[in-house]
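Student: curious how this folds, go ahead:
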Amino acid sequence: MQSSAISFLDSHLANLSPLPNEVRRLFHGRGKAFEGLEQLTIDWLDGQILISIFKEVDEDFLSVLKQHITTWLQMDAWQAEVKNVLLQYRFKMNSPIEVVFGELTEQQNVIENGLKFQLDLGQKQNNGLFLDMRYGRKWVLENSKNKRVLNLFAYTCGFSVAAIAGDAQSVVNLDMAKAALSKGRVNHQLNGHDLRQVRFLGYDLFKSWGKVKKFGPYDLIIIDPPSFQKGSFALTKDYKKILRRLHELLSESGQVLACVNDPDLTSQFLIDEMAEHAPSMRYQHRLENPPEFIDSDPEASLKSLLFVLDGKSE
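Tutor: Okay, here's the model as predicted:
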C-alpha cells in the first residue's frame, strides 16, 4: 500500500456526513478499485471506527495513516459521534487491535436492517458480522414468512435472526463453532425472539446428516461456508457433498441461497456445481452486494445465488 494514497480518504470520508445510523463499511479497499489502498477497510460500528489492514505495511504508511486519523477526528460528524478509532492488524498473529483514539469497547451492539447484533472486538480476527452480506440478510428478512429454514455454517446466526424477524416458522442453525452459536443465541435474545423457534446444532455437518434431516424438510436452505477451514471444509472439494443432499432436505417448494466468497471462484462455479450435483434445482438470480463494497471485478466479490426447485415461480 502507498502512504501517498491515503489523502484520497480525506475527501471520501468527509462526504460521508452524517455517519450512517446503522453498522456500515465506510471504505472498501479490498475490491482493488482504489490504487494504493487495496488492503485497507474502514467500518463504522455505531460509535467505533474499525480500520483493518490486511497486508504488512511499513512504519511510514502507519505514521501517515495516524496523522490523517487525527485530521478525520476534527470533522464535525466524527467529533459528534466517534467514541474511538481502532487499528486492526489482520496480517499479524491473532489480528491484534491498537487503540488510536478513545477506549476500546470490547462488546458493541449494532443495528443492521433494523435488527440488533452483538460484536466482539479485540478478541478474534472477525467481530461477528460480515458486512458484505447485508443484502443477503435483508433478502432472508423479506422472504422467510412461514418458512422452515436451515442455516448451514451459521456462525453467529445473522441469517437466523433475519429469518425469525421475517416471521419464519422455525430455523435450524448448524455450525461446528459452539461459541459462535452461543453468540447467535445472544443475537436472537437482543431482538426479543422466541428461542423455541430456533435450534442451535454444534456439529460437523458431514457427520450429522441424520440430525439435520430430522428437523426438515426445509423451505429455505442457506449455505454460506468458509472458503477453507483446516480439517473440516474445503470449498472446491466439499460444496458438492452438500448439494448432493439437497433433495433429501428440501420441501417441494424449497429454495436455496448458496454463497461463495472466494475471489478465485466465479458465480459460474456454483451454477455448474448445482447443475451437476443437484440437477432438480434451477438458478434464478444473484443477489446484489451493498454498493459500498465496490470491486474492480464483480465476480471476485461475494456471490450469493438463489436457486429454486423446478416449477416454482419467482
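
Student: would you list the phi and psi of residue 42?
Tutor: The phi/psi pair for residue 42 (degrees, to the nearest 10) reads phi -130, psi 120.

Student: ok, what's across the strand from it?
Tutor: residue 27, residue 51 (DSSP bridges).

Student: surely it meets residue 26?
Tutor: Yes - assessed by CB atoms under 8 Å, residue 42 is found in contact with residue 26 at 4.5 Å. Every residue, glycine included, has its C-beta placed from N, CA and C.

Student: chain center to stretch 147-162: distance?
Tutor: Offset of stretch 147-162 from its chain centre (CA atoms, centre = their mean, to the nearest Å): 12 Å.

Student: what about it, average pLDDT?
Tutor: Averaged across stretch 147-162, pLDDT comes to 98.

Student: low-confidence stretches in the stretch 101-250 of the chain?
Tutor: Across the stretch 101-250 of the chain, the ranges flagged by pLDDT under 70 are 228-232.

Student: one step back: neighbour-wise, which of residue 42 and residue 26 wins?
Tutor: The neighbour count for residue 42 versus residue 26, taken as other CB atoms under 10 Å, is higher for residue 42 (22 against 18).

Student: what is in contact with residue 42 and residue 26 at once?
Tutor: 13, 49 (CB atoms under 8 Å, 6 or more residues apart in numbering).

Student: helices of the stretch 1-150 of the chain, start to end?
Tutor: In the stretch 1-150 of the chain, the helices defined using DSSP state H, counting those that start in this stretch lie at 8-14, 59-72, 76-81, 134-142.

Student: okay, the ones you listed in a markdown table with distance to residue 289 and mean neighbour count next?
Tutor: Shown next, in a markdown table, are these (distance: least, CB to CB, whole Å; neighbours: other CB atoms under 10 Å):
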| stretch | distance to residue 289 | mean neighbour count |
| --- | --- | --- |
| helix 8-14 | 19 | 15 |
| helix 59-72 | 26 | 15 |
| helix 76-81 | 25 | 13 |
| helix 134-142 | 6 | 21 |
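
Student: with distance to residue 96 added, can I get those helices in a markdown table?
Tutor: Listed next are these as a markdown table, based on distance: least, CB to CB, whole Å:
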| stretch | distance to residue 96 |
| --- | --- |
| helix 8-14 | 22 |
| helix 59-72 | 13 |
| helix 76-81 | 24 |
| helix 134-142 | 27 |
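
Student: mind listing the helices in the stretch 201-314 of the chain by residue range?
Tutor: Under DSSP H, counting those that start in this stretch, the stretch 201-314 of the chain gives helices at 209-214, 235-243, 246-249, 267-277.

Student: just the CA atoms of the third one, as PDB, please.
Tutor: Right, helix 246-249. The C-alpha trace of helix 246-249 is given here as PDB (Å, rounded to 0.1, in the frame of the first residue of the first chain):
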ATOM      1  CA  LEU A 246     -30.500 -31.100  -1.100                       C
ATOM      2  CA  HIS A 247     -33.100 -33.400  -2.400                       C
ATOM      3  CA  GLU A 248     -33.300 -35.100   1.000                       C
ATOM      4  CA  LEU A 249     -33.600 -31.900   2.900                       C
END
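
Student: which residues touch it?
Tutor: 150, 209, 212-213, 216-218, 221, 254, 256, 278, 280-281.

Student: same question, the longest one
Tutor: Contacts made with helix 267-277 from outside it, assessed by CB under 8 Å, 6+ apart, are listed as 236, 239-240, 243-244, 256, 258, 260, 281, 283, 286, 299, 303, 305, 307.

Student: of those residues, just say which sits nearest to residue 49.
Tutor: residue 303 (28.5 Å; CB to CB).

Student: ok, back up a step: filter the contacts of helix 246-249 down to the buried ones, PyMOL style.
Tutor: Buried residues within those, by 16 or more other CB atoms under 10 Å, are selected in PyMOL with:
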select buried, resi 150+212+216+217+218+221+254+256+278+281
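
Student: out of the contacts of helix 246-249, list just those in strands.
Tutor: 150, 218, 221, 254, 256, 281 (DSSP state E).

Student: can you lay out those as a markdown table showing distance to residue 126?
Tutor: Converted to a markdown table, the ones in strands among the contacts of helix 246-249 look like this (distance: CB to CB, whole Å):
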| residue | distance to residue 126 |
| --- | --- |
| 150 | 22 |
| 218 | 26 |
| 221 | 23 |
| 254 | 30 |
| 256 | 24 |
| 281 | 30 |
